[in-house]
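1. coords below, sequence missing:
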């Protein structure tokens, strides 16, 4: 399929809990040459973007369990993928804050289909200069750095402050990846399971505290007094370091 933006189909992710909106956008944008993915919330957002080579995100500000502004801020911390905010709110402050946290544009609901399409094409054209591949799929930033540690996503390796490779199990890598993409955010056990794409009845649910304990042993100076992954009394965990993405 060819669009007027190039010789290949570009992938757009719609994050909106309104099934009617998602259905309309999926049909309309597909007819105009785009591949469209939809999801009702922020669960598994980073995984979808990484695995599906998403090149633009249409993000609703009001979601049942997520704050669209917080999602945009977290997404921008580790990826340069363009973001267009969809908002039904009338307050100008919401639009301004959305742009301040890194969104590329916003469209107010109800929106005109042709206007939205024009804005999508405009943002994609502007984004080409930011795209390292000169038009290929947007690549998320590859390395998360925090207090001297480096988490390498392509090789799935953790590099210590001394420069040595610290072995992580697949579960431990996925767990640490979830923490570094949600820094300074309290993550309860259920929320962690959602972000990890795990079933609440799975063995991972029963062992998540054990996995956190084992991960602490590998990255904390004193695992008995953790400073990087702290326990929150109300339930859950908090990854405290600031994360820089390269």
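-> Done, it's in. Since the model is a prediction, treat every value here as computed from it, not as a measurement.

2. residue 246 - nearest residue in space that isn't next to it in sequence?
-> residue 143 (4.4 Å; CB to CB, 6 or more residues apart in numbering). (Glycine included, C-beta is placed from N, CA and C.)

3. my guess is the one you found contacts residue 149, does it?
-> No. In this structure, residue 143 is not within contact of residue 149 by CB atoms under 8 Å, at 10.3 Å.

4. show me which of those two is the more surrounded one.
-> Between residue 143 and residue 149, counting by other CB atoms under 10 Å, residue 149 is the more crowded of the two (19 against 15).

5. wait, what's in contact with the more buried one?
-> By CB atoms under 8 Å, 6 or more residues apart in numbering, the contact list for residue 149 reads 158, 159, 160, 161, 219.

6. who wins for most neighbours among the residues you listed?
-> Using other CB under 10 Å as the neighbour criterion, residue 219 leads the contacts of residue 149 with 24 neighbours.

7. what pLDDT does it get?
-> Looking at residue 219, its pLDDT is 97.

8. I'd like the distance between it and residue 81.
-> 28 Å (CB to CB, to the nearest Å).

9. what do you get for residue 10?
-> To residue 81, residue 10 is 11 Å away according to CB to CB.

10. please enumerate the shared neighbours of the two.
-> With CB under 8 Å, 6+ apart, residue 10 and residue 81 have common neighbours 55, 56.

11. residues near residue 16, how many?
-> Neighbours of residue 16 under the rule other CB under 10 Å: 22.

12. assumed residue 72 was part of a strand.
-> No. Secondary structure assignment (DSSP: H, G, I helix; E, B strand; the rest coil) places residue 72 in helix, not in a strand.

13. need the contact list for it.
-> By CB under 8 Å, 6+ apart, residue 72 lies in contact with 59, 83, 85, 98, 101, 102, 103.

14. so for those residues, which is the shakiest by pLDDT?
-> Among the contacts of residue 72, pLDDT bottoms out at residue 98, giving 66.

15. helices or strands up against the longest helix along the chain?
-> Counting residues, the longest helix found in the chain (DSSP state H) is helix 203-219. Using 3 or more CB pairs under 8 Å, 6 or more residues apart in numbering; DSSP states H and E, the elements in contact with helix 203-219 are helix 170-180, helix 189-196, strand 229-231.

16. what packs against the second one?
-> Same thing as helix 189-196. Packing partners of helix 189-196 (3+ CB pairs under 8 Å, 6+ apart): helix 170-180, helix 203-219.

17. can you put those helices in TSV and add distance to residue 120?
-> Listed next are the helices and strands packed on helix 189-196 as TSV, based on distance: least, CB to CB, whole Å:
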stretch	distance to residue 120
helix 170-180	29
helix 203-219	37
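
18. my guess is residue 68 meets residue 62, correct?
-> Yes. Using CB under 8 Å, residue 68 is in contact with residue 62, at 6.6 Å.

19. any idea whether the spatially most central residue of the chain is helix, strand or coil?
-> Nearest to the geometric centre of the chain sits residue 46, at 3.5 Å (CA atoms, centre = their mean). Assigned by three-state DSSP, the conformation of residue 46 is helix.
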